[in-house]
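> Any chance you can model this:
(one chain, ligands or ions: 2)
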Amino acid sequence: MRTDTAPTISRHDYRPYPYRLPEVALQFDLDAAQTRVRSRLVFERVGDENQPLVLNGQDLDLESLALDGQALNASQYQLQDEMLTVFPKTARFTLEITSLCRPAQNSSLMGLYVSGDKLFTQCEAEGFRRITWFPDRPDVMSRYQVTLRADKERYPLLLSNGNRLQAGDLPDGRHQAVWEDPHPKPCYLFALVAGDFACREQTLRTRSGRDALLQIYSDRGSENKTQWALDCLVRSVQWDEQRFGLELDLDRFMVVAARDFNMGAMENKGLNVFNSAYVLADKDSATDPAYRAIEAVIGHEYFHNWTGNRVTCRDWFQLSLKEGLTVFRDQEFSADMLAQDLSGAEAASARAVKRIDDVSTLRIAQFPEDAGPMAHPIRPESYQEIGNFYTATVYEKGAEVIRMQHTILGEAGFRAGMDEYFRRHDGAAVTCDDFVSAMESVYVQQNPGKNLDVFRRWYSQAGTPRVKVELAYDAARKTCAVTLSQHCEPVGIEKLQSPALPKPPLHIPFALGLLDQQGRPLAIEHGGRALDTVLLELVDERQTWEFPNIPEKPVPSLLRDFSAPVIVEFERQDAELTLLAQHDPDPYARWEAVQELATRQLLALVRAFTDGGEPVVHPGLADTWRGLLRDPGLSAAYKTRILSQPTEKELLEKTSPMNPAAVVQAGRHLRGQLGQALAPLWLETYHACADDAEQYRPDPLSSGRRSLRNLCLHYLMAAAHPEAQALAAAQYYGAGNMTDRMGGLSALVHFSAGAPSQEALNHFYEQWQQDPLVIDKWFALQAGAPGTTVETVRALMLHPAFSLRNPNRARSLIFQFCMNNLQGVHTPQGYEFWAEQVMALDELNPEIAARLARAFDNWARFAAPNRDAMHDALQRIQRHPALSRNVAEIISKALK
Ligand code: PHE
Ligand code: ZN
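Ligands and ions are numbered 1, 2, ... in the order given. Below is the predicted model:
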């Protein structure tokens, strides 16, 4: 592949495809070594005459090509640069193509590929072109009829989208199945699966009284691990009916687990293909967070059936149209599942746990992206390789942008906007702007004379805005004036434009509460009502709101529920944060206050470790934590969040220049100090959280207790408490479920070097070597452990269970080390190792390699020795003679 010449595709260059393609018939002769695909495509010209028909194709052999039944010879078509061009003379014509592809040689896991003894496809974003020549773009939507033929013994099950019309035997031990998908779709939603599978299924009556068959397919032997996924699917179907009025539009909805998969899962119409990590779970092999992740991903892919499939993207710049919206929907689904059977403050606090987790993800993964060389708006302006834009920005920030619309319009308003969106666009391929316009139709009714023009800038601006808060209390008039001002630094390519363009203000919904000096909520009069929380809509650079009848100088509770993806700047004393930590009725803002206190403490420690000062831990912090740990009104799940230190990565973002060694040291020091200061309470809570392990259920309450118990163990180990090691070993060896077992093992591996930890690791491997998902955890735990060095990782790579070809395995060892083990990787050998692995992976799987290539996006923000070594490693990759377009784009942007 040539790299230096990869063209840049720009959003503004979009042109409609000049042909419609209403009907597609595909016939597959499936074989791992060589698969023959015959396609019959009926095209209809849309615009002017004499427009060439251009089809995409990659790594294919052309066997034959016929136009309206006439075979074309090489002079009647063009075949170059992965494009096939024919020159039709009529407005309507049929093209018949026969081509070959080689699944067994396809290690990219895009297009048709082999995983174990099975065949799978992955077509999003541009993988269909590896199957046959086709207009591989999402705005060409067709009805598909698919015939699959294969050896019956090797591939007893033949699946594709839609309904199975017919199945039967062929001569020579082969058989066939014919599938028809009644819904027009773009080719990126096509799928086929062939192989031997176990199936768990149930029928479900949908709202309008239709019976739908729900099926989960997995490797034989794994069928006892698919009940949870099926339950999650049932709840997803019911939730989308209840919350959005959206019904399943298929007779049959299938989920298939694949061991080799680049991403989490794929929403192919009626035939979702999943990374097995997001399907398989039982109490002995899956942790509580894994159960939650399965729920989220099953939900996510199911919700795509409407947001993504029924209404799809016009072009790939609109990716966030489906991804941001669908992430928002899966986040709400998960939150609703946590709050099931609860009401009032309890429900709010259960939902807040999910919100806190999502905000943490955003800050760890998206904020750095938005400040680095890959920064892009949620609707990118250009790309070289679309695979590189399945990012935290498009997904997670995209979901925040949808959430802000929900916050501004309210639940009922948002629902009305969604209804309008489907009324306008069902069955079409549309743009982000179409979505905002549907929401705007509700907004203008609610706010005559206003519109969402300023809001739309969220789709075209990159960077995390900063909102500065100023508060002025007038004791004589009893008024409180709150001033918000916003600012967003140029980022990424914006910085290269000179002079940097000034960025216009955004529409920022800012939720604010006020507490009195005792921590009691103050009623705020706003818009003719008295409220605990007001929503300020900041649309200018700077705006002031004045609230009357405020009896005393208030303590503000800011950006409640994280109402916008921004960084808040407000100067205040620790005492105010402590008050909020104790009293803020908004569970998100309360968590945030504690995080801020801990961050201040950690940054002071980072300074001490950098300059050689005394590392002092403020006793007030331990007091606050003690109060929270004792608070009977807080759930265990919430306590786990509020008593967890900010991660090393979040902290690193706040140091300048970045100093990973000091960040790691600071985190460790504080953990030890808090462990010691609260040791009796950690121990007491540890015992109080014990459940009957045989009674395992992955429900929010008991999993909350398990998470708090593991946190207690963690602090006791950090404090080197005399009982800790024995507790950890007892918990590990005596565990009745994987959550407890991993908690014990990770405590041993993180905090007790030497024999006990190695023995437990060996024991674990012996027990679980047959279960790849569990062995992934085994690799990941070691890759992330504090003592792990490049040598440790190289030794693990020689383990017979390691393979670079399996993405889950590569992620569990190499990604985990390079992206999360700050102590281990930030060394000259670490950077060199990383460069080597990026290049090795690139030969196999460019999509995966390009993700690893992003590990040091922010190299320029580190101090000199690290920075120079990272720069060298990046240049080494850049000099590699045969980089994929994927990796080349990442590296060249990092080095700009
Ligand atoms: N569209 C998938 C999702 O978000 C993600 C994906 C993208 C999977 C590309 C595979 C390849 O649900
Ligand atoms: Zn998605």
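
> Name the residue of this protein with the shortest distance to ligand 1.
Among the residues of the chain, Met263 lies closest to ligand 1, at 3.6 Å counting by Cβ to the nearest ligand atom. Backbone N, C-alpha and C define where each C-beta goes, glycine included.

> Which of the three states applies to that residue?
Under the three-state scheme (DSSP: H, G, I helix; E, B strand; the rest coil), Met263 adopts coil.

> when you give positions from now on, start the count at 135
From this message on, residue numbering opens at 135, which makes the last subject Met397.

> residue contacts, it?
Counting by Cβ atoms under 8 Å, 6 or more residues apart in numbering, Met397 makes contact with Asn409, Tyr524.

> do the same with Asp416
Asn358, Lys359, Trp362 are the contacts of Asp416 under Cβ under 8 Å, 6+ apart.

> Could I get the full set of strands for the stretch 685-834 of the chain?
Here the stretch 685-834 of the chain has its strands, by DSSP state E, counting those that start in this stretch, at 689-692, 701-703.

> The stretch 285-434 of the chain against ligand 2: which residues are in contact?
Proximity of the stretch 285-434 of the chain to ligand 2, by Cβ under 5 Å from the ion, involves no residues.

> how about the strands in the stretch 285-434 of the chain?
291-294, 297-303, 308-319, 326-329, 332-339, 345-352, 386-392, 399-400, 405-409.

> Could you dump these into JSON lines with mean pLDDT and distance to ligand 1 added?
Formatted as JSON lines, those follow (pLDDT from 0 to 100; distance: least, Cβ to the nearest ligand atom, whole Å):
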{"stretch": "strand 291-294", "mean pLDDT": "99", "distance to ligand 1": "17"}
{"stretch": "strand 297-303", "mean pLDDT": "98", "distance to ligand 1": "23"}
{"stretch": "strand 308-319", "mean pLDDT": "98", "distance to ligand 1": "13"}
{"stretch": "strand 326-329", "mean pLDDT": "99", "distance to ligand 1": "14"}
{"stretch": "strand 332-339", "mean pLDDT": "98", "distance to ligand 1": "22"}
{"stretch": "strand 345-352", "mean pLDDT": "98", "distance to ligand 1": "17"}
{"stretch": "strand 386-392", "mean pLDDT": "99", "distance to ligand 1": "11"}
{"stretch": "strand 399-400", "mean pLDDT": "99", "distance to ligand 1": "4"}
{"stretch": "strand 405-409", "mean pLDDT": "99", "distance to ligand 1": "8"}
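
> what's the burial count for the residue of the stretch 185-334 of the chain found nearest ligand 2?
Using Cβ to the ion, Glu258 is the residue of the stretch 185-334 of the chain that sits closest to ligand 2, at 8.9 Å. Close neighbours of Glu258, defined as other Cβ atoms under 10 Å, add up to 24.

> got a pLDDT number for it?
For Glu258, the pLDDT comes out at 99.

> Surely Leu384 is in contact with Asn406?
No. Here Leu384 does not reach Asn406: they are 11.3 Å apart, not a contact under Cβ atoms under 8 Å.

> Neighbour count: the two, which is higher?
Between Leu384 and Asn406, Asn406 has the larger neighbour count (other Cβ under 10 Å), namely 26 against 22.

> Adjacent strands (with direction) for the host helix or strand of Thr219?
Assigned by DSSP states H and E, Thr219 belongs to strand 217-220. When pairs are called by DSSP bridges, strand 217-220 turns out to pair with strand 187-190 (antiparallel), strand 211-214 (antiparallel).

> May I see these arranged in JSON lines, with mean pLDDT, distance to ligand 1 and mean neighbour count as well?
Formatted as JSON lines, those follow (pLDDT from 0 to 100; distance: least, Cβ to the nearest ligand atom, whole Å; neighbours: other Cβ atoms under 10 Å):
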{"stretch": "strand 187-190", "mean pLDDT": "98", "distance to ligand 1": "17", "mean neighbour count": "20"}
{"stretch": "strand 211-214", "mean pLDDT": "98", "distance to ligand 1": "27", "mean neighbour count": "14"}
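
> Turn these into TSV, columns for distance to Gln865.
Shown next, in TSV, are the strands paired with strand 217-220 (distance: least, Cβ to Cβ, whole Å):
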stretch	distance to Gln865
strand 187-190	54
strand 211-214	63
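
> which residues touch the residue with the largest distance to the centre of the chain?
Largest separation from the mean C-alpha position in the chain: Ala610, at 50.7 Å (Cα atoms, centre = their mean). Residues near Ala610 by Cβ under 8 Å, 6+ apart: none.

> List the buried residues in stretch 894-906.
Ala894, Leu895, Phe898, Trp902, Asp905, Pro906 (16 or more other Cβ atoms under 10 Å).

> Find the residue closest to Asp273 in space, skipping its chain neighbours.
Excluding the flanking residues, the one nearest Asp273 by Cβ to Cβ, 6 or more residues apart in numbering is Ala563, at 4.1 Å.

> That neighbour touches Pro318, doesn't it?
No. Look at Ala563 against Pro318 with Cβ under 8 Å: they stay out of range, at 9.9 Å.

> Quickly list what's touching both of those two.
Met275.

> mind showing which ranges of the stretch 785-934 of the chain have poor pLDDT?
Scanning the stretch 785-934 of the chain for pLDDT under 70 picks out 827.

> State the number of residues packed around the residue nearest to Asp273.
Applying other Cβ under 10 Å, we find 22 residues neighbouring Ala563.

> go on, Val700?
With other Cβ under 10 Å as criterion, Val700 counts 19.

> so how far is Phe501 from it?
10 Å (Cβ to Cβ, to the nearest Å).

> list residues touching both of those two?
Common contact partners of Val700 and Phe501 (Cβ under 8 Å, 6+ apart): Thr598.

> that older thread, from what I see, the residue of the stretch 185-334 of the chain closest to ligand 2 and Tyr322 are in contact.
Yes. Contact status for Glu258 versus Tyr322: in contact at 4.2 Å, counting by Cβ under 8 Å.

> Run through the stretch 635-784 of the chain and note the low-pLDDT ranges.
For the stretch 635-784 of the chain (pLDDT under 70), the answer is none.

> which one is Leu496 nearest to, not counting chain neighbours?
Closest residue in space to Leu496, ignoring its immediate chain neighbours: Glu530 at 4.9 Å, by Cβ to Cβ, 6+ apart.

> Need the pLDDT of that neighbour.
99.

> In the stretch 785-934 of the chain, what residue comes closest to ligand 2?
Residue of the stretch 785-934 of the chain nearest ligand 2, by Cβ to the ion: Leu907 (21.3 Å).

> now that residue, nearest residue through space, not along the chain?
Using Cβ to Cβ, 6+ apart, the closest residue to Leu907 is Ala411 (5.6 Å).

> and the one you found, how many neighbours?
25.

> can you check Ala998 too?
What Ala998 shows, counting by other Cβ under 10 Å, is a neighbour count of 8.

> Kindly report the same for Ile658.
22.

> could you list every residue that touches it?
By Cβ under 8 Å, 6+ apart, Ile658 lies in contact with Leu646, Gly647, Leu648, Ala664, Leu665, Asp666, Thr667, Val668, Phe681, Ile684.

> repeat for Pro237
Asp165, Ala166, Ala167, Thr169, Leu246, Tyr247, Val248, Leu253.

> So which of the residues you listed sit within strands?
Thr169, Leu246, Tyr247, Val248, Leu253 (DSSP state E).
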